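Peer 1: pasting the sequence and the predicted coordinates here, then a few questions.
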Amino acid sequence: MNPPQITLKLIVFLHFIFTTWACMCPQFLPLSYTYMNLFVLSLGVWSIVHHESSDAALMFMMCHLFSILHDIILLGIYEPRGYAVFEQNPQLYGTPRNEYRFSLGMAIVNLIAKPITAFLIYRIYRERGGSYSDFNIPGVGSLPGFGGSPQHSAYEDIDTPAPTNPGGMDDHQPYDPSQQPYSGV
């Protein structure tokens, strides 16, 4: 098994554990946190299964990056509510408060680990043949600062014919059959 596959499996496994632990207190984070993270992890499993596809790694990386923003928004909205319910309520000592603290801690650890794992996913994407020029908008072209234009590719486009020069003649001269050497019979 090659190292990128092991790295992907560790990334998916660690984020699965952190997401599961962050969702232990059902009154703290909404279901969208769980659904978003499980969807991103399912893209990670897709990337593991299709180990040569740069598209799978690209989708995993893009959704992983979006989940960072999603987690920041949800923690910003729901942490004050959780603090008011669990920390400032004197009747809730013990298990509910501890579940809230543990879930909050795991959500924060998951969020801190995501930029690091996003960089690792990006490296896997590059190893699978992905490049900066894949980040383009249809009809507009490549985004500025994300690679060159398609004309500078190292690969030939099969849709455009290759220039030919039959018989070593100059391309600007019309073809004249009388100028061909006579083989004589």
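Peer 2: Ah, there it is.

Peer 1: can you show me the strands along the protein?
Peer 2: 136-137, 141-142 (DSSP state E).

Peer 1: and the first one, what's its mean pLDDT?
Peer 2: Yep, that's strand 136-137 we're talking about. Averaged across strand 136-137, the pLDDT comes to 57.

Peer 1: do the same with stretch 109-120
Peer 2: Per-residue pLDDT values over stretch 109-120 give a mean of 95.

Peer 1: next up, phi/psi of Gly130, please.
Peer 2: The phi and psi torsions at Gly130 (degrees, to the nearest 10) take the values phi -70, psi 150.

Peer 1: neighbours around it, how many?
Peer 2: Gly130: 18 surrounding residues under other CB atoms under 10 Å. C-beta here means a position set from N, CA and C on the backbone, and glycine is covered the same way.

Peer 1: next one: it, what pLDDT does it get?
Peer 2: Model confidence at Gly130, expressed as pLDDT, equals 75.

Peer 1: hmm, it is touching Ser54, no?
Peer 2: Yes. Between Gly130 and Ser54 a contact is recorded at 4.0 Å, counting by CB atoms under 8 Å.
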